[in-house]
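Novice: all I have is the shape, not the residue letters:
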């Protein structure tokens, strides 16, 4: 998935909320999934690049604590 954030001059912090996506369900969809996220500007400069994962279980969807630490979400 690719999403445009827009152009902003330096200054205040900007926040972008992405549309929610439905997690897979059912016994076949259960398991651990990995993803990679990148933030690249129009000039091709990569400002951020990180990998993260989540697990679909009978209890719902969870993210790894190590991923939460990397993103400062604790």
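Specialist: Structure's in. What do you need? On a predicted model such as this, the values are computed, not experimentally measured, just so you know. Residues are numbered from 1 along each chain as shown.
Novice: all helices for the protein, in order.
Specialist: Taking DSSP state H as the test, the helices found in the chain are 65-71.
Novice: please, where are all the strands along the protein?
Specialist: 31-40, 46-57, 60-63 (DSSP state E).
Novice: make TSV out of those strands and add distance to residue 5 and mean pLDDT.
Specialist: The C-beta positions use only the backbone N, C-alpha and C, and glycine is treated the same way. Output for the strands of the chain, formatted as TSV (distance: least, Cβ to Cβ, whole Å; pLDDT from 0 to 100):
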stretch	distance to residue 5	mean pLDDT
strand 31-40	8	86
strand 46-57	11	86
strand 60-63	22	59
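Novice: and the ones you listed as a markdown table, adding distance to residue 6?
Specialist: Output for these, formatted as a markdown table (distance: least, Cβ to Cβ, whole Å):
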| stretch | distance to residue 6 |
| --- | --- |
| strand 31-40 | 12 |
| strand 46-57 | 14 |
| strand 60-63 | 26 |
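Novice: to residue 10, which of these lies closest?
Specialist: strand 46-57 (12.9 Å; Cβ to Cβ).
Novice: taking strand 31-40 as reference, get the angle to the closest one.
Specialist: 160 degrees (axes from the mean of the first three to the mean of the last three Cα atoms, to 10 degrees).
Novice: any idea of the mean pLDDT in stretch 6-17?
Specialist: Stretch 6-17 carries an average pLDDT of 78.
Novice: gap between it and the chain center?
Specialist: Relative to its parent chain, stretch 6-17 has a centroid offset of 18 Å by Cα atoms, centre = their mean, to the nearest Å.
Novice: repeat for stretch 37-46
Specialist: Distance, centroid of stretch 37-46 to centroid of chain: 15 Å (Cα atoms, centre = their mean).
Novice: check stretch 53-62 too.
Specialist: 15 Å.
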